[in-house]
Structures are given as C-alpha cells and as structure tokens.
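# no sequence on hand, only this structure:
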C-alpha cells in the first residue's frame, strides 16, 4: 500500500489495484472470454462487482452512479458484442458530459486485426462518442491508461473514456507503481480561464441590461457552482430559466427560478427569453431543444456564455462575450466585482407574462375520473419531497411531465438522459444512483416503452438487493412519438400502440412487490406503501392513453411559437 | 476562405484517425492534410487546409484542441509563413515538344526526374499557386498523370512554438497561440 513501492503482478491485478487506488469502490459489469483474466483477479480486490443483465445496463448504471455523485462510474465488459452493447450508454454519457470509464476485454494482441472470435475494433467504433479511448496491449501500460482515463473522464468537461485491454495484457506481468503511473499529458488542458478583459465586458453588459435572464444548465452541478449561481442571481436580481439537466441545481421554489425553458418549457418562460435584452448562459450549450429556431431566438438579446468547453462558444448561438473556464471560479470573480442590481420592472413584467398559465395547468383540471400522468408525478412529488429522493427518468412524455410537475429542490435529485434522449436509460441509471447513494430513496419514472428496453435489469435489482422504486407511466403508447404523430403526421399512429405484458405479474416473477393504480385517489397511498416496503417496488400507473405534453414548440419553430394546452375556461380557446 | 492550420500532435497510434474523424463528424471539410515527423521524435506535425470562415476556423481550432493527443494548433492563415506543395507530373512530350516542356520546367525551377520517348516526368515544389500555374501551362502538352502531396507549412522567422512538457495541473498559457475564443 502507498508509497513508491513497485510490486510485480499481472496486468489484471494491476487493473483492479489501480482502480482501487483511484477510489473506485463499485464496478458494473458482465464477464466474457476476453475479460476473464480480469474477472479471475477480482477475487483479490475490494471492489464490489455488480452483475448486470446487458452491457448497455452497465454503462447506464455507471452513468447514474456518476450523476448521483459527480464521481467516475466504471463499467466492464468483454470484447466484441460485450463492447458494442456499451455503445448506447457511452454515447449517452458523451452527450450529457457524464464521467464514466468503460473497460473492455480485447482479443490477444497477436490476433488483433484478424477477425478473431469476438473481436471488434471498439476503439474505432467509440472514437467519436468518447472523450478519449485507449487500446492497451501490454500489462505495464494498464495502470497509466487507467489513471489517465480516470483523470480525463472527470476533468474539464467530463465525458466517457474507454480502455480496451487485450487478453495478453491482462495475463502478462508488470511492475505496478501507482505514483509512477500518474498522468503525464502534454496536450490535454482541462483548466482554462478567461482573460481579464472578458470579465470587464461581461460586467458592462450585465450592468447595462434592463431585461436579463440567466439560462442555467448542467454545468452548474459539474462545476459545483450551485451556491455561486444563486448568489449571483440574488445579487443582480436576474431571473433564471433552467435546462432539463439544470433542474434541481437551484431550488425550484426559489423566487427567481422560473423553471424549465425550451420545447416543453412553460410558455411564459420562453416568452421571457424571447423578450430579454441579455442572456447569461451558465454551463449550457444552446441545444436545439432549448432554442427553437435559431433565426428567431432571443432576437433582442446580447449573450454572455460561460462554459468550460471552448468548442461550445458560437456553435449554435453567436455570443457577445465568452468566458471560457470553470463556472464556479468565474462566478466567484463576477460575484466579487458586480454591483447589486434590481430589475423590478422586468420581474413585474415577467409576472404578467404568466397570464392564464395557472388556469391551463393540468393540476387545476377537475378530477374527471381519468388518471393523468401529470397528476401521478405531482402526487409523487408531494409524497417524496420531504425525503432525500432521487428521481431517474427515461425519455418521452413522462420525462417532460416529470420536469414540469416534480419540483426539484436539491442538486442531483433528477437524473435523466437529455442530449441523446436514450430510452431504456432510467432503470439501469437508477440502479447506479442507488448503489452510489444507498441512503437515498430512488424513484424510476419510466414509460411503458422505455421500461421494456432495459427491464432485464430487474434481475440485477433483486440479485443485488437494491431498494429501487419503479413507477411505470403506462399509457399503452410510445407516447411522445404518438404526440408527434398527432400534431405533425395527421394522427397516423403508425407503430406506436404497445401491447404490454402485465407489469405487476412481471414484477412478481422477479419477486418484486407490485401495485397497479388506475385512479388518482390511489396514487399517494400506493407511493406511501412503496416507501414503507423494504424491498424494491414496481407500480404500474395505468394513465390516460392519449394525453399530450403542453406547451410544445414544434421542432424548427420559434421559441415563442408554442402549442398551448387549451384554456378550459375559454370555450373558443385558440392555440397561440 | 482557405485556412491553414499547423497541428502538433503526440506521435501515438491512431492520432491521425482521431483528427480525421473529428473533421468528418463535425462536417468540416478538408482541402488537404499532410502528416509527418518533426525534429522531436515524440511529436508529429500535420498541416491541414480547410475552407472555413473565421468563426468556423475558431470552432475547428477549439474542437481539435479537445483531442487529448493534440499539443498545439497554430492557425497560420494570413501570417508570414512558408507554404510548400510538391507535385509529380508526367506530361506528354515528343521530339517536337520536348524542348518547350523543358524550357517551362527551367523557368519554374522544376526538376526533371524522367525522360522517355513520349513523356517527361517533372517534380515541382512551391507554393500552391505556383504549382497551379505550372500545371496550367503544362496542360496543352497533355498531363498524363499528376499527384500533389498537399501543403506543408511553417512560420517565417526565428520564433518556434514551444511544446514543453506540460504538467497535468498547469494552467494553459501558450505564448504564441491563443485558443481562447
């Protein structure tokens, strides 16, 4: 232990030893021929191995683990199909800047390029979807690769790193020296900081703005800048709109927090952005889902972009000032230099923009005997808000309703696949989150479509004895696709109706406690029962089949051009 | 407009494919790309010519920097620099026209590599425009075969970029090249 001691060991042993020394306590994996030497050496390691049911699950678990903690999540698979099964999870982590390290076995180095059994050029395959990757063919290169990978994954703009280790590298022997394996990277520069005059220009723009808005993204939690963003907003009295991955990094109840913007953001939030004269983008990347049509996006606004990745600057939206670097450090500097501001006229105006939003809110619709997903999620929020709860969502309508109706107060309390929009993410990511935060209540909010993509991981939950609560928002459709068909494809519901198994019986088969809820009155009692039950729980919420997520900015439309939920008080209500 | 980038990368397997993959993935077009050894055995050097406006050029630089093996990107567009393109050209030449072709070669300081009964093969090195003009003048004689290497480039003057070993936590301060935006 420790020091500069060299120890002779196999590459496989060095792999685990190095991960241990890097602080890794858990890996998610699936064995196979080319990674067997590593698995054989696992018995001498303190690392907990969680056996998944599909390698995609392993990557999402590593991702969920990373998002729940900010630490690197590690996934392990064999060569060939094991490695290619990881591709979706790696791409998911890449798009959402999530630090994961994937370790794959590879055929022996002498067989490379020969189309050997279970050989895939996985470093080639993952080249565009990893932050970096390694092909390791010598035992002595394993420790340096692992240390670099761990460093690259979590520094700068985080992302996935893959290490492909040939079988002979695992079997060969090496001198393990942790200190000597420290990263020596000549070109890698994760720690940029802006020039002084950029601060001056930013401060001048902020001081001159009459209608400023902060756009708060995932970078807040990556940088650990939750407190600094709040201080900045409070000192300058600037309202905040959140991206999907920004939710939770500022309390939803904060008076300046307007909630989510973008395709399914509240209409008044999007209108606020369209009327703004200054946008302050904090750790977000102007994704097309938040900007709508770029030609008409925030036409009156100057833009200040703070991001750690210089390649994001001027990518989608041309900005006036760019502060490239760590958001927290930059805000510490800005907070120290900025004068307190008030924007009472602007705040008051924003209040007026809300208009009849509350009336259109589905929460205010009378109970007509139907169970609406939004009601389920709002009730789930009421029942879980006072506990340390993490919600992990999948992709689709339920994800947007969750974002709208679950009011996240704490950072890292929402885990969801944003950029890639990966169906099947929720269940395995929730397993990763539960392993990372065993004391937290973990809730999976998942559609009936996405659930079936990775439901094999139910077995992982049971085998690993994890208390994960699963809420299936079951509408018998691929709901978001159906919604697009409703709006844009003449209600041609091609390939969207789902014939589902009885999910409660499926849960029974795994020994998971199950419930079925058809009425709103059943939601809270069932959630309570789930919380009280010691083991994992699956609740099948059979919700209204043809419900729609409102508001909606159609792809390619201007951000203020929204399809609204009809106002029930105005019979002739027209969509704006 | 054409931008010329000199990219210094670690001499490691797969680096070229990382750079090329980046251009393909981001839909940046490559006009020419050359790669070769340098005075330092650990460093390879690429010269990439691409058609891009100023904003795009900045984004290209920022994206190349995201590759972990990249040491330095120098946009030498519009800077005092030496840019050379080498071409081999096999041109038709019989007894009647041989003298004219050789005369052209002499004017352009092209080297004669091979003379056959019906052809002359010339080596021409120079800036891209000079090579272009030379080829244009040769075309009436019938260009039978031609290949160009794409450009290699170097800044003029004594100053060279420093590629000193950076420690992992060092702030990035590059004297000659800024990659902030």
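Perfect, I can see it now. Note that the structure is a prediction, hence the values are computed from the model and not measured.
# per-domain residue ranges of chain B.
Recorded structural domains for chain B (assignment: automatic domain parsing) are B:2-80, B:82-153.
# find the residue at the geometric middle of chain B.
With distances taken as C-alpha atoms, centre = their mean, chain B has residue B:151 as the residue nearest its mean C-alpha position (2.2 Å).
# OK, contacts around that residue?
The contact partners of residue B:151, taken as C-beta atoms under 8 Å, 6 or more residues apart in numbering or on different chains, are B:4, B:32, B:34, B:47, B:49, B:83, B:84, B:85, B:128. Placement of C-beta: from N, CA and C, glycine included.
# please name the bridge partners of it.
residue B:85 (DSSP bridges).
# mind checking the domains of chain B for the one nearest to residue B:160?
Ranking the domains of chain B by proximity to residue B:160 (C-beta to C-beta) places domain B:2-80 first, at 9.2 Å.
# and the domains of chain B, which is most packed in?
Highest mean neighbour count of the domains of chain B: domain B:2-80, a mean of 17 (counted as mean count of other C-beta atoms under 10 Å in any protein chain shown).
# before we move on, back to that, how close does the residue nearest to the centre of chain B get to residue B:138?
To residue B:138, residue B:151 is 20 Å away according to C-beta to C-beta, to the nearest Å.
# likewise for residue A:75?
Look at residue A:75 and residue B:138: by C-beta to C-beta, they are 59 Å apart.
# one more: residue A:18?
61 Å.
# what's near enough to touch residue A:492?
Residues near residue A:492 by C-beta under 8 Å, 6+ apart: residue A:485.
# tell me the pLDDT of it.
As predicted, residue A:492 sits at a pLDDT of 97.
# again with residue A:361
We note a pLDDT of 79 for residue A:361 in this prediction.
# re earlier: which of the contacts of residue B:151 fall in helices?
In helices, defined here by DSSP state H, the members of these are residue B:128.
# in CSV, list the contacts of residue B:151 along with distance to residue A:380.
Output for these, formatted as CSV (distance: C-beta to C-beta, whole Å):
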residue, distance to residue A:380
B:4, 58
B:32, 58
B:34, 59
B:47, 58
B:49, 57
B:83, 64
B:84, 67
B:85, 66
B:128, 65
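# what's the closest of the contacts of residue B:151 to chain A?
Among the contacts of residue B:151, residue B:47 lies closest to chain A (C-beta to the nearest C-beta), at 17.5 Å.
# that closest one reaches residue B:2, doesn't it?
No - with contact defined as C-beta atoms under 8 Å, residue B:47 and residue B:2 do not form a contacting pair (12.0 Å).
# what number of residues lie near the nearest residue to residue A:150 once chain neighbours are set aside?
With sequence-adjacent residues excluded and distances taken as C-beta to C-beta, 6 or more residues apart in numbering or on different chains, residue A:150 is closest to residue A:22, at 4.8 Å. By other C-beta atoms under 10 Å in any protein chain shown, the residues close to residue A:22 number 18.
# pLDDT at residue A:22, what is it?
Residue A:22 carries a pLDDT value of 98.
# could you check how far it is from chain B?
Computed as C-beta to the nearest C-beta, to the nearest Å, the residue A:22 to chain B distance reads 14 Å.
# same question for residue A:7.
24 Å.
# and residue A:107, by the same measure?
From residue A:107 to chain B the distance is 17 Å (C-beta to the nearest C-beta).
# quick check: phi and psi at that residue.
Dihedral pair for residue A:107: phi -60, psi 160, per degrees, to the nearest 10.
# now do the contacts for it.
For residue A:107, the contact set (C-beta under 8 Å, 6+ apart) comprises A:34, A:79, A:114, A:116, A:117, A:118, A:119, A:166, A:167.
# where does residue A:304 fall, helix, sheet strand or coil?
Following DSSP: H, G, I helix; E, B strand; the rest coil, residue A:304 is assigned to strand.
# check it and give its pLDDT.
Looking at residue A:304, the pLDDT reads 98.
# quick one: low-confidence parts of the stretch 351-500 of chain A?
By pLDDT under 70, the stretch 351-500 of chain A contains no weakly predicted segment.
# follow-up on the earlier one: CSV please, covering the contacts of residue B:151 and showing distance to residue A:180 and pLDDT.
Listed next are the contacts of residue B:151 as CSV, based on distance: C-beta to C-beta, whole Å; pLDDT from 0 to 100:
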residue, distance to residue A:180, pLDDT
B:4, 40, 95
B:32, 41, 93
B:34, 36, 95
B:47, 36, 96
B:49, 41, 95
B:83, 43, 92
B:84, 42, 93
B:85, 45, 91
B:128, 47, 84
